[in-house]
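Asks: Mind folding the following:
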Amino acid sequence: MIEPDSRSLHQLYDTELQPVLAELERQRIRVWCWLLACGVGVLGVAAIANILFGQLGLAIGGITSGIAASIAIGLLWQQYRLRFKQDLIGRLVAYYDPEIVYLPKRGVEKQEFRHSQLYRHRIDRYRREDLVKGKIGATAFRFSEVHAQYKTTSRSGGKTRTRWHTLFRGIFFVADFNKQFSGTTLVIPDQMERQWGKFGQQLQEWSAKLGIQPGQLVKLEDPEFERIFAVYASDQIEARYLLSTSLMQRLVRFRHRFNQPISLSFVSSNLYLAIPTRKNHFEPPPLWVGVGAIAIADLQAYLDDLNLAQEIIDDLNLNLRIWNKQ
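Replies: Modelled structure (predicted):
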């Protein structure tokens, strides 16, 4: 793993990234010009339709030309966005660590997301992008952005209304864990006990018995950890083996540092970690902002996002190989 420094980043910027940014700027201007031209075209079509066919022609001409223009601009923007990720972010990834793979159109698969057992609700729409995968020390990892949603429908006044609900949106991280285990252990935000106290704890036990949460509720000895997390496991002894005193302390510090209601699970020898965030990572600036304005600080922000895997592996001490886990 390379430790980027500002001097080498400046050198990369001067030698490799400036030509890339110049070409991206030319492509951005082409998209921007198309946007302006389509806007003028929509107004022109609507005006002609209004003259020939009146207000109905204005509506039909404006709507159809607007839809066509939106599709064309959308395709051009997606081409520019993909080029930005492949040419600029791809070079930053190679600079950060040549062994790491970045695939902007791929992500953690839906089957693996479900296999984590962190989100058991039905998933009706699943989007993922910006897959980063590799190996740091002894730990293989992969992570990507994930947006999982489910829908509900209702009828009112003879009309059907569909609403989309976010199940999870953020960074979903998968890593080989450093201990052998065969069961399932979930560590989720403790909302019930925080809101309802002892009654909330009773609700947690009932949710396990009713199968709302898998396994049994596990009570641990770290009060700060217990205040933040609730633990459910198929095997109480294995859960205590996995959640050592040091790991619980590390998870508490990690939760405070990210300031997000993180969830994690231990399934099939893997650690799954879900970090909610609304940030869209590895994206180009808005279309009206020239990529020539991208500075070293902006590049460093992209590198900070790439460094997430290193931070998780270090913070949770995943490279510590013990007993027969190699």
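
Asks: Determine the three-state secondary structure at residue 168.
Replies: strand (DSSP: H, G, I helix; E, B strand; the rest coil).

Asks: could you list every residue that touches it?
Replies: 118, 119, 146, 147, 148, 274, 276 (Cβ atoms under 8 Å, 6 or more residues apart in numbering). For glycine as for every other residue, the C-beta is placed from the backbone atoms N, C-alpha and C.

Asks: how about a cut-off of 6 Å?
Replies: Residues near residue 168 by Cβ atoms under 6 Å, 6 or more residues apart in numbering: 119, 148, 274.

Asks: Need the nearest residue in space to it, chain neighbours excluded.
Replies: Take residue 168 and drop its neighbours on the chain: the residue closest to it by Cβ to Cβ, 6 or more residues apart in numbering is residue 148, 4.8 Å away.

Asks: which phi and psi does residue 237 have?
Replies: Torsion angles at residue 237 (phi, psi; degrees, to the nearest 10) stand at phi -70, psi -40.

Asks: among the contacts of residue 168, which are in helices?
Replies: Nothing among those maps onto helices, per DSSP state H.

Asks: For the stretch 101-250 of the chain, just list every one of the strands.
Replies: Remark: strands assigned in the stretch 101-250 of the chain by DSSP state E, counting those that start in this stretch are 101-103, 125-136, 139-156, 159-176, 185-189, 216-218, 229-233.

Asks: check contacts around the residue most central in space within the chain.
Replies: By Cα atoms, centre = their mean, the chain has its centre lying nearest to residue 145, at 2.3 Å. For residue 145, the contact set (Cβ under 6 Å, 6+ apart) comprises 129, 130.

Asks: swap the cut-off to 7 Å and go again
Replies: Neighbour list for residue 145: 107, 128, 129, 130, 171, 281 [criterion: Cβ atoms under 7 Å, 6 or more residues apart in numbering].

Asks: same thing with residue 103?
Replies: Applying Cβ under 7 Å, 6+ apart to residue 103 gives the contacts residue 131.

Asks: Look up the residues forming beta bridges with it.
Replies: Judged by DSSP bridges, the bridge partners of residue 103 are residue 131.

Asks: Flag every buried residue along stretch 231-238.
Replies: For stretch 231-238, the buried set under the neighbour-count rule, 16 or more other Cβ atoms under 10 Å, comprises 231, 232, 233, 234, 235, 236, 238.

Asks: Same list, the contacts of residue 145, but as TSV with pLDDT and neighbour count please.
Replies: Formatted as TSV, these follow (pLDDT from 0 to 100; neighbours: other Cβ atoms under 10 Å):
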residue	pLDDT	neighbour count
107	97	23
128	97	19
129	97	18
130	97	22
171	97	26
281	92	20
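
Asks: what's the closest of those residues to residue 302?
Replies: Nearest to residue 302 among those is residue 281, at 8.1 Å by Cβ to Cβ.

Asks: The closest one touches residue 130, doesn't it?
Replies: Yes: in terms of Cβ atoms under 7 Å, residue 281 counts as a neighbour of residue 130; the distance is 5.8 Å.

Asks: what is the mean pLDDT for stretch 82-93?
Replies: Per-residue pLDDT over stretch 82-93 has a mean of 94.

Asks: Tell me, how many residues neighbour residue 142?
Replies: Look at residue 142: counted by other Cβ atoms under 10 Å, it has 21 neighbours.

Asks: tell me the contacts of the spatially closest residue to it that is not a sequence neighbour?
Replies: The shortest distance from residue 142 to any residue other than its chain neighbours is 3.7 Å, reached at residue 133 (Cβ to Cβ, 6+ apart). The contact partners of residue 133, taken as Cβ under 7 Å, 6+ apart, are 101, 141, 142.
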